[in-house]
Structures are given as C-alpha cells and as structure tokens.
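Student: no sequence for this one, just the structure:
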C-alpha cells in the first residue's frame with residue numbers, strides 16, 4: 001500500500017477484552033488477538049482498529065484513561081503490544097488505536113494533582129469555574145444518563161467541566177502544555193509502530209470551553225498542528241476522526257479555507273449512515289441519493305469512512321423526527337432497543353430479522369459506496385445483541401468462535417467473563433459461530449470473504465469518485481458508479497422486494513467487456529447493459545472496463 005493506503009483499506013474494529021481470552025481469566029487479551037490474526041487476514045482485513053487499550057478503572061469501557069503511555073494490564077504488556085504490531089505487519093495488517101484525549105479518568109494522576117491544590121502544576125490542565133456555570137445542565141453527550149456537564153469538586157472547591165460522565169473531566173486545550181502532551185502521546189505510539197489513530201470526540205478536543213458558553217468556539221488550527229506533527233513522525237500515518245457535526249462544518253475538519261487537506265485524513269460518515277438506515281427502513285434508495293448529492297466536496301486526500309454498525313449506537317440524530325420514527329418502527333420498535341433519545345443499540349442481523357438477503361444487500365451497498373469500509377467484529381457471522389446489558393454494552397458481547405463453552409472465547413467459568421456470551425435463541429453461539437460458518441461454503445462468513453476479496457480487487461471503489469446514475473429506475477433500485485484510474489464499475493442495489501429490469505444501455509459505449517464481478521445470484525450475461533435483471537433485495541457489481549493503472 002502507498003502513502004494513501006487508507007483509501008483502499010478494509011478496517012475491522014474490535015474490543016480486545018471481548019475478542020479472545022488466551023489465559024482463561026475471562027478477559028480478552030493481546031496474545032489472544034495475535035492468535036486470530038490469520039482469521040482476520042483470511043477475511044481480507046487490511047487495517048485493525050482497536051478500541052481503548054490503556055489502563056483504566058473501566059467505568060466507561062476503557063474511555064476513562066489513567067495512563068496514556070501504557071497498556072491495560074488486563075490485556076497484556078507493552079511487549080505484547082509490540083509483538084501484535086509485528087505479527088499484524090507480517091500479514092499485511094496495519095493497526096490503529098483509539099486516541100481518547102478529550103478527557104481523562106478522574107483517577108488519572110494529572111487530575112488527582114489538579115484537584116488537590118490551586119497551585120498544582122496540573123491545575124490548568126483541566127477546565128474549572130469558581131462559581132456555578134449558567135450552562136451547567138447543557139450540552140450532555142448522553143442525555144438520560146447525564147444530568148450536567150459541570151460538577152462541583154469539594155476538594156478543589158471549584159466546578160470542573162466534563163462533556164461526558166462526571167468521572168471523565170475534560171482536558172483544557174487552551175493550555176499549550178496539554179497540546180504538547182497530546183503530541184508526545186501520539187509520538188510514543190507512532191514510534192512503537194501504530195499506523196495511526198481513531199480520534200475520539202474531535203469536536204470537543206478543539207472546543208475552547210468557557211463557563212457559561214455551551215457553544216464555545218472551535219480552534220481548527222489545532223487539527224492542523226496534529227496533522228503536521230503526525231506527518232513528520234510517520235509520513236503514512238492516518239488520523240481517522242469522529243465528528244458528528246452539521247454537514248457545512250465537515251470540510252473544516254479536513255482542511256483550511258484555502259482548500260488544503262492539512263487536517264484529518266478521514267472522517268466517519270455519520271450523515272450517510274443515518275440515510276442508509278432510512279433507505280433500508282423505507283426500502284427506498286432516495287435517502288442514499290440525497291446523501292451522495294449533499295456530500296461536501298473534500299480537499300485532495302480527504303476520505304470518508306463508511307459503516308453500518310460501529311462500537312456505539314446507531315446514531316439517528318441527523319434525521320428529522322419523522323424519519324427517525326420510521327427507522328425506529330422498522331429496526332428498534334421496543335423502547336429497550338433505543339438509547340439516548342437518538343439511536344438504536346442493536347446488532348445488524350437481528351435488526352433485519354436475520355434475513356440473509358437483506359443483510360447481504362446492506363453490506364454490499366455499504367462496501368460499494370465511496371470511502372473506506374469499516375466492519376464491526378462479529379458482523380461477518382451475523383452476531384446478535386444482548387439487550388439485558390446496560391446501554392452500549394448490548395453489542396459488546398464476546399466474539400463467538402465455536403461450539404465450545406463460552407463460544408470458544410474463554411476457558412473461564414461463565415461468571416468470570418468480562419461480559420456474558422449470547423447463549424440462547426437463533427443468535428446463541430451454538431447457532432452462530434465461526435467454526436460452523438467456516439465449514440459452510442454458503443455461510444455469511446464465506447460471503448463476506450468473497451465480497452471483501454472483490455472490494456480489494458476494485459480499488460476504484462475506495463480511491464475513485466462515486467456518482468449516482470441519475471436516470472429513471474424501477475421502484476427501490478439504486479444505480480451508482482465508481483470511476484478511478486484503475487477502471488470503472490457500476491453497482492445496482494434493489495432495496496425493494498420486487499424483481500426489476502434496469503436499462504443502462506447509455507453506458508454501452510464505454511464498456512469494453514462488461515462483466516458481473518459480484519452478485520446475489522447468477523444472472524444472464526451483461527451484454528449491452530440495456531436489460532439488466534435484478535431480484536428483490538438483490539445486488540450486482542458490474543465492471544465496465546479496467547484501466548492500465550498508470
């Protein structure tokens with residue numbers, strides 16, 4: 001892969017503690033993950049995104065960090081992590097880690113010192129107010145679970161700011177020392193060999209918080225500083241940012257007003273994700289067409305990261321109230337399936353009624369759209385959720401490897417597991433596991449392997465341009481194309497239930513030898529593209545021509 005390797009990558013995200021337990025203590029660990037790298041390589045993964053790996057009291061699944069320069073002892077040691085990077089590299093897999101620097105744990109030595117005395121050298125590393133701020137109960141990230149964003153600390157005799165939970169005090173990015181420390185953290189992990197970072201809560205990192213101002217100004221130049229720092233330390237390292245903001249603000253995360261791509265390399269496409277959910281709920285491609293049409297123009301080098309499920313809830317906040325209700329009705333009808341008044345806390349397979357055709361259709365659509373696809377662990381075998389667990393933990397259950405006790409995740413007693421495995425019903429590990437699907441050439445896992453191999457053979461999907469083919473279509477059918485220096489492809493997806501015939505004869509002149517490279521079922525030869533059949537909930541990837549790659 002070249003310097004822009006991320007544009008043609010397939011990203012797989014996982015929590016170490018729920019992937020594989022190698023020592024039988026009930027918690028997944030780094031040696032366990034190393035033992036499954038061959039599985040990931042066979043699946044076609046080229047980039048591994050690890051959720052927080054640092055020491056933590058683990059009140060928020062590791063996002064409450066107490067030491068940015070180490071690995072949580074539950075997972076292993078820094079030596080184990082270095083071995084992971086080496087072994088992943090041997091298999092052509094890059095590793096990126098979560099950079100969670102908007103806040104720390106309240107048990108971090110910096111905050112312990114900061115609250116102890118106004119004269120502490122770390123006092124100004126956090127955001128304080130001497131009097132009760134007027135915006136005390138505004139700007140909560142987790143409505144329903146948070147009651148405020150400012151909390152009074154009796155030891156410090158002052159109020160401290162926290163965008164998230166009260167045990168996660170925000171760092172003060174107006175302080176040059178904090179900015180310098182973040183750069184040191186980045187340098188440390190780049191020197192160890194990571195290929196980049198998924199930056200958590202980026203809009204809050206650049207927020208210049210002032211008491212009484214819930215919508216404080218943002219300093220985008222700090223992202224420019226981080227990009228420059230990263231590029232000097234490792235030229236091909238990537239910054240993948242989480243920024244669920246208004247569409248007109250998105251370009252500023254990629255680059256300055258001059259059009260330079262001098263900030264983050266990639267952004268998660270929350271706008272497209274919400275529209276995908278709406279399109280699938282309606283069985284109508286129009287929301288996806290709108291998302292493609294409304295996508296901001298990115299500076300050179302900017303890239304979207306697409307996803308159907310990530311480690312959090314499906315966030316529907318970018319939809320209207322009516323649109324959100326339509327998605328809820330189809331995919332989250334019970335109140336227990338919803339979270340934060342904006343999202344759904346379910347895995348994808350149960351959301352779609354475990355309908356194999358609809359699951360394939362949805363992932364085929366995601367992986368064929370512009371950007372770099374991100375896949376959540378367990379989605380490739382159609383894992384379910386455990387709604388008995390609190391909040392986001394519903395989709396953070398142990399990976400289901402086999403028929404063995406605890407789904408082959410751990411040899412510990414069930415009560416010692418970091419989280420219970422799903423053991424009952426159609427999504428229990430006896431019915432859904434890697435071993436069973438490895439033996440079945442028609443399994444969902446086998447399909448994902450074929451689909452991802454096809455994606456990797458079609459670089460124009462990730463690095464080319466994506467365009468909606470704006471001609472009359474049968475109801476429910478979306479046609480789009482990808483054009484790059486390697487060639488051009490056309491994609492058909494039928495979100496409806498009725499079979500259809502599509503006329504793309506206008507493309508015949510630019511098709512050297514059109515051919516299906518991936519489809520939900522065998523179809524007649526493509527011929528002149530004017531009578532393309534597509535089944536209900538079907539899909540076809542058609543190569544128009546292949547370039548010389550020059």
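Tutor: Sure thing, it's come through. This is a predicted model, so every value here is computed, not measured.

Student: What confidence value was assigned to residue 173?
Tutor: pLDDT for residue 173: 96.

Student: wait, it sits on residue 202?
Tutor: No - judged on CB atoms under 8 Å, residue 173 makes no contact with residue 202 at a distance of 11.2 Å. Where C-beta positions appear, they are placed from N, C-alpha and C, glycine not excepted.

Student: Looking at the two, which is more packed in?
Tutor: Taking neighbours as other CB atoms under 10 Å, residue 173 and residue 202 compare with residue 202 leading, 28 against 21.

Student: Do I have it right that that one meets residue 250?
Tutor: No - counting by CB under 8 Å, residue 202 sits too far from residue 250 to count as a contact (11.1 Å).

Student: Identify the contacts common to the two.
Tutor: By CB atoms under 8 Å, 6 or more residues apart in numbering, residue 202 and residue 250 have these common neighbours: residue 243.

Student: how is this structure carved up into domains?
Tutor: Domain segmentation of the chain under automatic domain parsing yields 6-100+347-456, 109-161, 176-302, 465-546.

Student: Out of these, flag the one nearest residue 313.
Tutor: domain 6-100+347-456 (6.2 Å; CB to CB).

Student: Tell me where the model's unsure across the chain.
Tutor: 1-3, 548-550 (pLDDT under 70).

Student: State which helix of it is the longest.
Tutor: helix 176-192 (DSSP state H).

Student: Off-centre distance for that one?
Tutor: Chain-centre distance of helix 176-192: 23 Å, with CA atoms, centre = their mean, to the nearest Å.

Student: Also stretch 39-57?
Tutor: 12 Å.

Student: same check, this time on stretch 77-93
Tutor: 22 Å.

Student: and if you look at stretch 439-458?
Tutor: Centre-to-centre, stretch 439-458 and its host chain are 20 Å apart (CA atoms, centre = their mean).

Student: Same check on stretch 390-398?
Tutor: 16 Å.

Student: So what touches that stretch?
Tutor: With CB under 8 Å, 6+ apart, stretch 390-398 has contacts from 15, 18-19, 28, 61, 145, 309, 311-313, 339, 345-347, 376, 378, 383, 385-387, 389, 406-407, 409-410, 417-422.

Student: Give the buried residues for that stretch.
Tutor: Residues 391-398 are the ones in stretch 390-398 that count as buried (16 or more other CB atoms under 10 Å).

Student: same check, this time on stretch 191-202
Tutor: 193-202.

Student: ok, now stretch 476-485?
Tutor: Quick answer for stretch 476-485 (16+ other CB under 10 Å): 476-484.

Student: returning to that earlier point: can I get the buried residues of stretch 390-398 in TSV including secondary structure and distance to residue 70?
Tutor: What follows is those, written out as TSV (DSSP: H, G, I helix; E, B strand; the rest coil; distance: CB to CB, whole Å):
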residue	secondary structure	distance to residue 70
391	helix	27
392	helix	25
393	helix	24
394	helix	29
395	helix	27
396	coil	22
397	coil	27
398	coil	24
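
Student: Among those residues, which one lies nearest to residue 472?
Tutor: So of those, ranked by how close each gets to residue 472 (CB to CB), first place is residue 395, at 39.1 Å.

Student: for the stretch 351-500 of the chain, what spans make up the helices?
Tutor: In the stretch 351-500 of the chain, the segments counted as helices under DSSP state H, counting those that start in this stretch are 356-368, 434-438, 444-456, 460-463.

Student: who touches the last one?
Tutor: Spelled out, that is helix 460-463. Taking CB under 8 Å, 6+ apart as the rule, helix 460-463 contacts 4, 7-9, 303, 367-368, 370-372, 455, 482-489.

Student: Cheers, nothing more for now.
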